[in-house]
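A.B. asks: Sequence and predicted structure below; questions after.
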Amino acid sequence: PECRAERLTSDHRVSIVDDTELARVKAAGGKFSRAMASDGKTPIGPMRVYPGGLMMTRSIGDADAGRVAISVPAVRSFAYPPQGGTIVLASDGVWDFVDVAKIGLLVDISRRGFSRLGRPGWLAKAVLTESAEKNEGDDDASVVC
């Protein structure tokens, strides 16, 4: 059977987080605004959280964001299928450029044994290759399958 691709976590991009996450950031002292152009008056770019100027409310390794952008993951429980499955963990440098359906197709290919499968890391390399075709080095792309 074909695999079913499903997003297991929510996006923590400032522009689309839910009210609970916005309240958490505000309670930690975070402020939301856009960056300013060199004139210091004109807002530019996407909404960000300060301190830090990140576009995400959760991140790993962004110390300049202090306690506003935390590294604690949002956790969700789900039933793992008895026949097994594949979980793809990836950074926004993948998810911003490759949709869940395409990831599902690559997982399906890897599980059916097409291509050079059986080699460790094939799926991760395929996901990164797909991302790199669109990302053009604009964002860090990391993946674990």
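C.D. replies: Cool, the structure landed.
A.B. asks: contacts, neighbours, all on C-alpha from now
C.D. replies: Fine.
A.B. asks: ok now the longest strand along the chain, how far from the chain's centre?
C.D. replies: The residue-count maximum for a strand in the chain (DSSP state E) belongs to strand 43-50. Chain-centre distance of strand 43-50: 18 Å, with CA atoms, centre = their mean, to the nearest Å.
A.B. asks: So what's the gap between the helix or strand following it and the chain middle?
C.D. replies: Scanning forward in sequence from strand 43-50 by DSSP states H and E, the next helix or strand is strand 89-90. Counting by CA atoms, centre = their mean, strand 89-90 is centred 7 Å from the centre of its parent chain.
A.B. asks: Just list the residues touching the nearest residue to K31 once chain neighbours are set aside, thanks.
C.D. replies: Computed as CA to CA, 6 or more residues apart in numbering, the closest residue to K31 that is not its neighbour in sequence is Y50, at 5.2 Å. Residues counted as contacts of Y50 (CA atoms under 8 Å, 6 or more residues apart in numbering) are 30-33, 65, 68.
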